[in-house]
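**Student:** Quick check, what structure comes out for this input:
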Amino acid sequence: MAPLNERLESAATMAAHPRIRATDIETELGTRYTIDTLNQLVPRHPDVRFVWLMGADNLAQVDRWYRWRDIFACVPVAVIDRPGKTYTALSSRAALALARHRYKGPLHGLSRQTPPAWAFIFGFRDGTSATALRQSRTHG
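**Tutor:** Next up, the predicted model:
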């Protein structure tokens, strides 16, 4: 994995939107697990409607994460389709366990849903891996 400062710079460049900010909040909070970060972040910013973003590859195995159900109970989750992962993700243990909480309305409404709420975002699927992106930056 690339050093944190390089990952932050890359995330900021990729986001390039005034309402998205890449931070090293986990370092500041001293958290290790996603749920611990969310449990500190959400109360700090009560006026923010957080949505957790994850790739379909992560949904396929999120049931192995520490307190994964609590993540979905804390904030709405947007799952972004990844090449070759659609079926695996949508048939995963987590997707099946949370099937009745799947939000199928307009995506701009996801942030207003009461957790657990999650949406699967179909669309353009970029198969470029994080490793390949880092290598392309290193080699020009």
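
**Student:** Every contact and neighbour count from this point should use C-alpha atoms.
**Tutor:** Noted.

**Student:** how much space between Asn58 and Ala132?
**Tutor:** Plainly put, Asn58 is 18 Å away from Ala132 if you go by Cα to Cα, to the nearest Å.

**Student:** same question, Tyr66
**Tutor:** Noted for Tyr66: a distance of 28 Å to Ala132, by Cα to Cα.

**Student:** now do Ala22
**Tutor:** 21 Å.

**Student:** Pick out whichever of the two has more residues nearby.
**Tutor:** The neighbour comparison of Ala22 against Ala132 (other Cα atoms under 10 Å) goes to Ala22, with 15 against 11.

**Student:** you'd agree the more buried one is in a helix?
**Tutor:** No - according to DSSP: H, G, I helix; E, B strand; the rest coil, Ala22 belongs to no helix; its state is coil.

**Student:** Surely it and Ser10 touch.
**Tutor:** No - using Cα atoms under 8 Å as the test, Ala22 is too far from Ser10 to be in contact (9.0 Å).

**Student:** Not counting residues beside it along the chain, what's closest to the spatially most central residue of the chain?
**Tutor:** Taking Cα atoms, centre = their mean, the centroid of the chain lies closest to Leu53, which sits 2.2 Å from it. Distance criterion Cα to Cα, 6 or more residues apart in numbering; nearest residue to Leu53, sequence neighbours excluded, is Ala78 at 5.0 Å.
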